[in-house]
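Q: give me a 3D structure for the following:
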Amino acid sequence: MTEPDEPDALLLGGPRDGTLFVAEDAAVVQLELAGLMQRYLRTTGYQEHHGRSLRVYVYDGAGDPAGSGPGVSTG
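A: Just a heads-up that it's a prediction; the model follows:
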């Protein structure tokens, strides 16, 4: 039986503040939530959580998944 990967990172800020996840050394994490793309950026920081050192990803903001903002025509 295979054990699931242990979380190695933590999201700080934004709608998923405090979420633990497996980052696998990703530089950017994007999550679609409520029709918006939520972006978190890897930092050089770590935070202790239950005796484990977790990489910190900070909230960078949200955007339209299509890449356009209000008032911008995509076609």
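Q: report the mean per-residue pLDDT for stretch 49-60.
A: For stretch 49-60, mean pLDDT rounds to 95.
Q: please spell out which residues along it are buried.
A: Within stretch 49-60, the residues that qualify as buried are 54, 55, 56, 57, 59, counting by 16 or more other Cβ atoms under 10 Å. For the C-beta atoms, the positions are set from N, CA and C on the backbone; glycine is no exception.
Q: of the residues you listed, which belong to helices?
A: In helices, judged by DSSP state H, none of the buried residues of stretch 49-60 are found.
Q: looking at those, which are in strands?
A: With DSSP state E as the criterion, strands contain 54, 55, 56, 57, 59 from among those.
Q: what's the burial count for residue 9?
A: Here the number of neighbours of residue 9 (other Cβ atoms under 10 Å) works out to 22.
Q: what's the answer for residue 40, then?
A: Using other Cβ under 10 Å, the number of residues around residue 40 comes to 26.
Q: repeat that for residue 10.
A: Using other Cβ under 10 Å: residue 10 sits among 24 other residues.
Q: now name the helix or strand holding it.
A: strand 9-12 (DSSP states H and E).
Q: restricting to C-alpha, output that strand in PDB.
A: Presented in PDB, the C-alpha positions along strand 9-12 are these (Å, rounded to 0.1, in the frame of the first residue of the first chain):
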ATOM      1  CA  ALA A   9       4.400  23.700   1.800                       C
ATOM      2  CA  LEU A  10       2.000  26.200   3.200                       C
ATOM      3  CA  LEU A  11      -0.100  28.900   1.600                       C
ATOM      4  CA  LEU A  12      -0.200  32.200   3.400                       C
END
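Q: which parts of the longest strand along the chain are buried?
A: As assigned by DSSP E, the longest strand anywhere in the chain is strand 36-49. Residues 38, 39, 40, 42 are the ones in strand 36-49 that count as buried (16+ other Cβ under 10 Å).
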